[in-house]
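1. kindly generate the corresponding structure for this input.
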Amino acid sequence: MAATPHATTVDPHAATDAAHGAADAAAHGAEGGAFPPFDATTFASQLFWFALTFGALYFVLSRFVLPQITAVLAKRAGTIKSDLDEAAQKSAAADQARVDMEKAVAKARADARAMIDAARADVTAKLTAEQGASEERLAKKIAEAEAKVDAERRKALAEVPAIAEALARDIADKIAPANTNTQRQRVAGEA
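-> All right, here's what the predicted structure looks like:
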């Protein structure tokens with residue numbers, strides 16, 4: 001079989017050398033001592049520096065950093081509280097303004113209704129007065145017209161006998177001869 005140019009070959013000697021190197025490194029590390037934080041000979045020094053570092057950090061945090069954080073939190077809480085109080089006041093003012101506006105609208109409607117009712121009553125009174133005056137004028141004109149009609153009727157009734165007599169003469173003249181004219185005069189005179 002032919003080998004391909006990209007095929008990898010494992011060298012058995014190189015793997016053995018790498019394993020020996022790792023074992024040597026482990027042996028040399030064990031000869032140098034234990035892991036330093038767990039070395040019992042350095043515990044006192046580590047505890048001293050730990051306590052000193054902790055105390056310094058505590059002092060810096062408690063004296064400088066924490067008061068500033070507390071002041072910022074207090075200021076923030078005060079700002080939030082004042083903003084909430086201001087919002088509550090503005091909300092109450094808005095509610096009061098709404099109530100006042102509703103009262104003003106109700107009053108304006110009542111005033112408008114009263115003005116309309118007053119105007120309606122005024123117009124009704126004027127119409128009633130004008131109607132009464134018109135009825136009086138009409139009654140007067142009717143009475144005058146009835147009086148004229150009555151006078152004309154009396155006049156006409158007073159003229160009826162004269163017209164009837166003249167009409168009767170005319171009819172009699174046409175029906176009867178002219179010599180009977182004297183007799184008609186007597187009859188008319190008796191009547």
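
2. which SSE is Q131 in?
-> In the assignment (DSSP states H and E), Q131 maps to helix 66-175.

3. what is that helix packed up against?
-> Packing partners of helix 66-175 (3 or more CB pairs under 8 Å, 6 or more residues apart in numbering; DSSP states H and E): helix 181-190. C-betas here are computed from N, CA, C, even on glycine.

4. avg pLDDT for the helix it packs on?
-> The predicted model gives helix 181-190 an average pLDDT of 58.

5. with stretch 125-141 instead?
-> Averaged across stretch 125-141, the pLDDT comes to 92.

6. go on, stretch 34-50?
-> For stretch 34-50, the per-residue pLDDT averages 87.

7. how close does E86 sit to E136?
-> 74 Å (CB to CB, to the nearest Å).

8. same deal with R154?
-> 27 Å.

9. now for the closest residue to Q46 other than its chain neighbours, how many residues are close by?
-> Using CB to CB, 6 or more residues apart in numbering and skipping the chain neighbours, the partner closest in space to Q46 is P37 (6.9 Å). P37 sits with 8 neighbouring residues when counted by other CB atoms under 10 Å.

10. helix, strand or coil for P37?
-> Of the three states, P37 takes helix according to DSSP: H, G, I helix; E, B strand; the rest coil.

11. quick check: it vs L57, distance?
-> From P37 to L57 the distance is 19 Å (CB to CB).

12. what of T79?
-> 31 Å.

13. again with A77
-> Where L57 is concerned, A77 sits at a distance of 27 Å (CB to CB).
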